[in-house]
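K.L.:
From the sequence below, what's the structure:
(chains A, B and C)
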Amino acid sequence: MRAAGGPDVAVGDVLLSVENVSLSFGGVKAVSDVSFDIRKGEIRAIIGPNGAGKTSMLNVINGFYQPQKGRITFKGQTRAKMRPHDAAYGGIARTFQNVALFRGMTALDNIMAGRTLKMHASFFWQLLRYGPALREEVEHRQRVEEIIDFLKIQEIRRVPVGRLPYGLQKRVELGRALAMEPELLLLDEPMAGMNLEEKEDMSRFVLDVNDHYGTTIALIEHDMGVVMDLSDRVVVLDHGNKIADGTPDEVKRNQAVIDAYLGVAH
Amino acid sequence: MLYREAGQFKSNYAADVAIFPILQDRIGLAVILFIAAVIIPWFGSTFLIQAVMIPFLIFSLAAIGLNLLTGYTGLLSLGTGAFMGVGAYACYKLTTYFPNVNIIIWIAVSGFFSAAIGVLFGLPSLRIKGFYLAVATLAAQFFLSWCFIRQPWFYNYNVSGAIEVPTRSLFGVPVTGATATETTRYFVVLGFVVVMTWIASNLVHGRIGRMWMAVRDMDLAAELTGIRLLPTKLLAFATSSFYCGVAGALLVFLWYGGAEPAVFDVNLSFFILFMVIIGGLGSLTGSFFGAALIFIMPIVLRYLPPKLGIPVHPATVEHIQYMVIGALIILFLIAEPAGLARLWQIGKQKLRVWPFPY
Amino acid sequence: MDLLYKIFVDPFLQMGTAPDLLVQTLWEGLVAGVLYSLIALGFVLIFKASGVFNFAQGIMVVFAALTLVGLHEHGIPAYLALALTILVMLGLAFAVERLILRPLVNQPDIILFMATFGLTYFLIGFGELIFGGETKIMIANQLGLPRGAIDLKFAGGFVSIQKIDVAAAIIASIMVAGLAIFFQRTRIGRALRAVADSHRAALSVGISLEQIWVIVWFAAGLVALTTGIMWGARSDVSFALDVIALKALPVLILGGLTSIPGAIVGGLIIGIGEKLGEFYWGPLMGSGIESWFAYVIALIFLLFRPQGLFGERIIERI
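P.N.:
Have a look, this model is predicted:
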């Protein structure tokens, strides 16, 4: 499920680059002069102690926050301001730390909601639920079922997501993000609150998404084991500054990183 | 045992996305339509049709309209009465200027006027939400109410300030005005309500409905999935106001036969909102349940005690009505915020496993 | 051109040539504004301490007034009726806490807001059932409130000031000052502010939420009673008042939902603005613009400064 449109970026080339981005809220500096890049096809981890600015960084990438300084270049296009809506259409999808599912809807509807940007049948046909609108509904339902199979959540299709256990909610959220057929998938602590078995499942899904669909992945994660196993490259933030950038092994041995994390081992 | 879906397998997605996939539901719907279209007009008394069925259908339509906006999209609106008024007055002006055009067409067209006003007063929803948006819709309500009273153009400079519905016919049969029978009017209303409910159902089960619910549940996440907030919200306002506008036109032309501007006041807005809350926010069938309860209950209160021999002062009835409605609102919000529709679903769930308890 | 003149020049000319009328209008606006502020004040009290938008605040004003007059009509002397009404408002506070707030404690705000709609309609029905739906006269004399007017000579004309209005302004000021001291200086006031900040934190220091809510709703009830007396003394007591009570909403928007000074300032601005608008611009449009003028002002504020003049800016964090 490769995303269509936009200039083609070959595997290994830079897909997204963050240049000198600074972000503050009121007086609080969340991110200070951070630069890094994400290459197509890789799994990039963003790690750091609590409050390091990781989620803010993700929010900047997908257009929620506009940085005071710096810029983001995605697929060769540099934007001064990116709206969340543009990020979505450009091929960036995202999951959240606190699971931002649509609680009034079933798992199936949530994932179908992710297909919205691919559905174009006009309002007129929607009124009749006939012709192009109905065809589209069935066609996209098929695609969504593929994702449901992939994530093994067939039994809970029709369950309102508010009633699902946390681990399954996170899976549904991943499904919704995948439904957008993104080129870049941003995962904010996908393993948070999971037990070992759930973590293994989720890790496998993340790897499969990257392998199977070729989706580039940027993930924030606290579990060091997961980070070391899954990621190709890691960038480390602390108090809004970048303190390391490299392969997992390089970063693991970096003194600044060890200092920042002193005492924290999962 | 009766209401089981065992054995009803779907072999393709087209069948599965159907709105009533379970056979028993389809049969049930057919039965209801049969009762509505055949039994009631044939066997129902004038009182039943005129004082119960016609207004019940009209209020259900208005409740569906408000439900689309408040229940599905999460935008609380207290301007329903005014939007209904826009539809009614638009229809009135249109038919007085162009009396030879079919009234059905004008009723449908008046919905568009309402939709336009709805979009206008929905523009603030870009920046404000919740309680604040409710106050903005109150601005619409009071301003439009004032227009209906103080701008004589609306009621054709009639000295009394009220409007009277002219006689209009369809295929030679009068459908509005003094000569129209209640049965004819009932069929027109039924036609509108059935068609528009079908359309609303199509909308909420497809892409548009999902967009609306996404905006209601978590608009930030909705934006990230590529849903544009302002057009989605404005579409909700437009569609909702369209439904309310048509309901308003039907109210005046096919039920009251005339109107004073006070009809479309803030109390009407609250009553429709109560229908939606009690019936179930985010449920089309709930709109019907809510309208039934809020509308039919006062009728029962008014006519039942005398039949049982208990004399009741009409003013007292109104007071009790207010108390009961107020108490019901609170009760439903506490016990079953998803309203009667949810109770109905629970009932169906029990039917699935009946005669076993679970 | 003529229209522009009528809108932008003529009204000000009118103001200038008849300054006594201007002052009269301003005074009327001030008085209306004071009453709006009082209603908004009750609302702010409840919102600050329980996070509930109490739509029924305006109805509580009418209900309190109706109870007072109704009791008096049944032969109870004025001051005793007043005391009994205060007890009734206390009872109401208990009932609301027990039957509405406690069951809905974890629900989203919009649900609680809608519950107050239910409360509103219930009180309307209940009040009218017990005391009858006819318009009543406030027992201003029996309570010792002043009567009559003071006529001042001003700029070649007259300005007539009702003594009751002066009394209303004074009483309102005393009440606001009293509430401010209560919040800032007393132990309970501190607890109220704690609850307004965070329910959980307040619970963890041993503050009983239920008690606080009863106190707050009772305080709002007292404010409502005072407002009801003042308002009823100027016009009559009937449930038509509730439409006026809805006016408190624009006041809150203007002033900010959590600010007591905001409620005062907002009320005065709306009151004066409305009266000026109606008197000088109203005739251009067909009069009666008071019914929506306040809302339009509120709407403009919502678009450009949604937190009101004194409220706190809400930043949404994801």
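
K.L.:
quick one, domains of chain A?
P.N.:
Following automatic domain parsing, chain A resolves into domains at A:1-91+A:183-266, A:102-180.

K.L.:
how about the shortest one against chain B, any contact?
P.N.:
Pointing back at domain A:102-180 there. Yes: Domain A:102-180 reaches chain B (Cβ under 8 Å from any Cβ of the partner chain) through A:102-105, A:109, A:112-114, A:116-117, A:119, A:121, A:123, A:126-129, A:133-134, A:136-138, A:141-142, A:145, A:176, A:180. (Glycine included, C-beta is placed from N, CA and C.)

K.L.:
That domain close to chain C?
P.N.:
No: judged by Cβ under 8 Å from any Cβ, domain A:102-180 stays clear of chain C, getting no closer than 10.9 Å.

K.L.:
any chance of the domains of chain A in JSON lines, with distance to B:His205, mean neighbour count and mean pLDDT too?
P.N.:
Output for the domains of chain A, formatted as JSON lines (distance: least, Cβ to Cβ, whole Å; neighbours: other Cβ atoms under 10 Å in any protein chain shown; pLDDT from 0 to 100):
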{"stretch": "domain A:1-91+A:183-266", "distance to B:His205": "23", "mean neighbour count": "18", "mean pLDDT": "85"}
{"stretch": "domain A:102-180", "distance to B:His205": "7", "mean neighbour count": "19", "mean pLDDT": "91"}
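
K.L.:
In three-state terms, label B:Gly161 for me.
P.N.:
Using DSSP: H, G, I helix; E, B strand; the rest coil, the three-state assignment for B:Gly161 comes out as coil.

K.L.:
Just the residues of domain A:102-180 next to chain B: which are in helices?
P.N.:
A:109, A:112-114, A:123, A:126-128, A:133-134, A:136-138, A:141-142, A:145, A:176 (DSSP state H).

K.L.:
Tell me how far the residue in the stretch 1-150 of chain C positioned nearest to chain A lies from B:Phe113.
P.N.:
Of the residues in the stretch 1-150 of chain C, the one nearest chain A is C:Pro108, at a distance of 10.9 Å by Cβ to the nearest Cβ. Between C:Pro108 and B:Phe113 the computed distance is 34 Å (Cβ to Cβ, to the nearest Å).

K.L.:
Looking at the two, which one has more neighbours?
P.N.:
More crowded of C:Pro108 and B:Phe113, by other Cβ atoms under 10 Å in any protein chain shown: B:Phe113, with 21 against 10.

K.L.:
show me what contacts the more buried one?
P.N.:
Shown in contact with B:Phe113 (Cβ atoms under 8 Å, 6 or more residues apart in numbering or on different chains): B:Val86, B:Gly87, B:Ala90, B:Gly245.

K.L.:
Throw those residues into a markdown table and include neighbour count, thanks.
P.N.:
As requested, the contacts of B:Phe113 are exported to a markdown table (neighbours: other Cβ atoms under 10 Å in any protein chain shown):
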| residue | neighbour count |
| --- | --- |
| B:Val86 | 29 |
| B:Gly87 | 34 |
| B:Ala90 | 24 |
| B:Gly245 | 33 |
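
K.L.:
Next, count neighbours for C:Asp151.
P.N.:
Neighbours of C:Asp151 (other Cβ under 10 Å): 10.

K.L.:
one step back: quick one, phi psi at the residue of the stretch 1-150 of chain C closest to chain A?
P.N.:
Main-chain dihedrals, C:Pro108, degrees, to the nearest 10: phi -60, psi 160.

K.L.:
same question, B:Asn100
P.N.:
phi -90, psi -10.

K.L.:
now do A:Val28
P.N.:
Torsion angles, degrees, to the nearest 10, at A:Val28: phi -90, psi 130.

K.L.:
what sits opposite it in the beta ladder?
P.N.:
Legend: beta-bridge partners of A:Val28 under DSSP bridges are A:Phe25.

K.L.:
I'd like to know how far it sits from A:Thr55.
P.N.:
14 Å.

K.L.:
Ok, C:Ser173 next?
P.N.:
For C:Ser173, the distance to A:Thr55 equals 49 Å [Cβ to Cβ].

K.L.:
about what we covered before: possible to save the domains of chain A as CSV with distance to C:Val52?
P.N.:
Listed next are the domains of chain A as CSV, based on distance: least, Cβ to Cβ, whole Å:
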stretch, distance to C:Val52
domain A:1-91+A:183-266, 28
domain A:102-180, 22
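
K.L.:
right, and those domains - which one's nearest C:Ile59?
P.N.:
domain A:102-180 (31.2 Å; Cβ to Cβ).

K.L.:
what's the closest non-adjacent residue to B:Leu61?
P.N.:
Using Cβ to Cβ, 6 or more residues apart in numbering or on different chains and skipping residues adjacent in sequence, the residue nearest B:Leu61 is B:Ala247, 4.3 Å away.

K.L.:
Tell me who's in contact with the one you found.
P.N.:
The contact partners of B:Ala247, by Cβ under 8 Å, 6+ apart, come to B:Ile58, B:Phe59, B:Leu61, B:Ala62, B:Gly65, B:Met84, B:Gly87.

K.L.:
For stretch C:77-87, buried residues please.
P.N.:
For stretch C:77-87, a neighbour-count test (16 or more other Cβ atoms under 10 Å in any protein chain shown) marks C:Ala78, C:Ala81, C:Leu82, C:Thr85, C:Ile86 as buried.

K.L.:
Centre of the chain to that stretch, how far?
P.N.:
In terms of Cα atoms, centre = their mean, to the nearest Å, the centre of stretch C:77-87 is set 21 Å apart from its chain centre.

K.L.:
contacting residues around it?
P.N.:
Under Cβ under 8 Å, 6+ apart, the answer for stretch C:77-87 is C:Ala64, C:Thr67, C:Leu68, C:Leu71, C:His72, C:Ile76, C:Ile139, C:Gln142, C:Leu143, C:Leu222, C:Leu225.

K.L.:
mind running it again at 10 Å?
P.N.:
C:63-76, C:139-144, C:218, C:221-222, C:225, C:228-229 (Cβ atoms under 10 Å, 6 or more residues apart in numbering or on different chains).

K.L.:
again with stretch B:164-171
P.N.:
Contact with stretch B:164-171 is made by B:88, B:91-92, B:95-96, B:99-104, B:106-107, B:155-156, B:158, B:174-180, B:184, B:187-188, B:252-259, as judged by Cβ under 10 Å, 6+ apart.

K.L.:
Pull out the buried residues from these.
P.N.:
The neighbour count (16+ other Cβ under 10 Å) marks B:88, B:91-92, B:95, B:103, B:106-107, B:155, B:175-177, B:180, B:184, B:187-188, B:252-257, B:259 as buried among the contacts of stretch B:164-171.
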